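Q: Sequence and predicted structure are below.
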Amino acid sequence: MKNTSTLLLTIALAGLPACAEQVDDTEAAANEEYLLGMEYYQQGGESNLRPAIDHFTRSVELDSTFAIGYAWLAKAHASIGGQYNVLSPEETFPKAKEAAEKAVALDDYLAEAHLAQAYVKELGDWDWAGAEREYQLGLELDSANVEILTNYARFLVNTKRADEAAALVERASDLVPAAWTATAELDYLITGNAAGPVQRLKDLIDVDPDNPAGYWWLGNIYAREGDFEEAAEQLQKQIPLMEGDVVDEVALLGYVYGRMGREEDARRMLERLDELTEEGRYVSPVLKAWIHSGLGEAEEAVAWLREGYEARAHRSGLQMNGFSFVYEPIS
């Protein structure tokens, strides 16, 4: 765990309010829980999102008027069921929506409250126009908020508005270290130029070799570029670092194996997804479509994709655009 001063600096650099003014012991305790939640949230993945949710929940239990606690509680619930393939949308989005609405009701001038609303509308409601309005409201309130800038940029990439996304990424890049994974990933998605983002991700791995995010995005870029050997190598490095949170990784590796002609290995990844389901993990139907597509099995891929679409499952909706490359073999 980071010490408090380091954490406050990290949050400040990321454009996140530290809520330093404390009126009484209750507010101080709620604020401390919020800061602990942010520390976990910023690291991502299941092993960090679960304790983040616990800390954010305690923050609003301690202070029922703590709007920013509700905002990040909403974002964490939406992330664990939308951005990450951990819990089903049926389980997570009602909680995310309730918390986001509470945050806005408590403080309509809080940028993070509108970010939470945008995230729920985008990933849960599939209300694209409503999501964009909330992203724009958030930026009007805090134009230097990196979390809003990068989330809105990803939204714009997925809606095929690369020029607008690029302007937001440039603003975000001015506020964070150049090797940050989010800006490297978005730079590639916007420009299609792999060289710069790949080098930045390699630099990040050199500095922090135990951070799985660098390997994930390198694997993504190599898979998009058709360098399947290198993509498989990066994903194989990432999976042991994930502490069990490997559903997306297994699916993408299965797709890559399929493209490499390693049919037996690809089908082993399908079996692994079934095993993860039996272990009680949520596995989006869309992820099985990835592997069947890699194997060139269009009928099976479309069937799983349709099931995921109807359930508004992980990696469907606008997220399909972000991973459209996996459907190239059957398109």
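A: Yep, it's here.

Q: Give me the outermost residue of the chain relative to its centroid.
A: No residue in the chain sits farther from the centre than Asp24, which is 34.6 Å out by C-alpha atoms, centre = their mean.

Q: and the gap between that one and Ile148?
A: Separation of Asp24 from Ile148 (C-beta to C-beta, to the nearest Å) stands at 30 Å. Where C-beta positions appear, they are placed from N, C-alpha and C, glycine not excepted.

Q: what's the following helix or strand after the lowest-mean-pLDDT helix or strand in the chain?
A: The weakest-scoring helix or strand in the chain, judged by mean pLDDT, DSSP states H and E, is helix 4-13 (a mean of 37). In the C-terminal direction, the helix or strand that comes right after helix 4-13 (DSSP states H and E) is helix 25-41.

Q: ok and the helix or strand that that next one is followed by relative to helix 25-41, angle-wise?
A: Next helix or strand after helix 25-41 toward the C-terminus (DSSP H and E): helix 46-62. Following axes from the mean of the first three to the mean of the last three C-alpha atoms, to 10 degrees, one obtains 170 degrees for the angle between helix 46-62 and helix 25-41.

Q: Need the CA coordinates for helix 46-62. CSV is fine.
A: Taking Å, rounded to 0.1, in the frame of the first residue of the first chain, the C-alpha atoms of helix 46-62 are listed here in CSV:
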residue,chain,number,x,y,z
GLU,A,46,-10.8,-8.0,-10.0
SER,A,47,-8.3,-8.3,-7.1
ASN,A,48,-8.4,-4.5,-6.8
LEU,A,49,-11.9,-3.6,-7.8
ARG,A,50,-13.5,-5.8,-5.1
PRO,A,51,-11.7,-4.0,-2.2
ALA,A,52,-12.2,-0.7,-4.0
ILE,A,53,-16.0,-1.3,-3.9
ASP,A,54,-15.7,-2.3,-0.2
HIS,A,55,-13.9,1.0,0.7
PHE,A,56,-16.2,3.2,-1.4
THR,A,57,-19.2,1.4,0.2
ARG,A,58,-17.8,2.1,3.7
SER,A,59,-17.2,5.8,2.7
VAL,A,60,-20.9,6.4,2.0
GLU,A,61,-22.0,4.3,4.9
LEU,A,62,-20.0,6.6,7.1
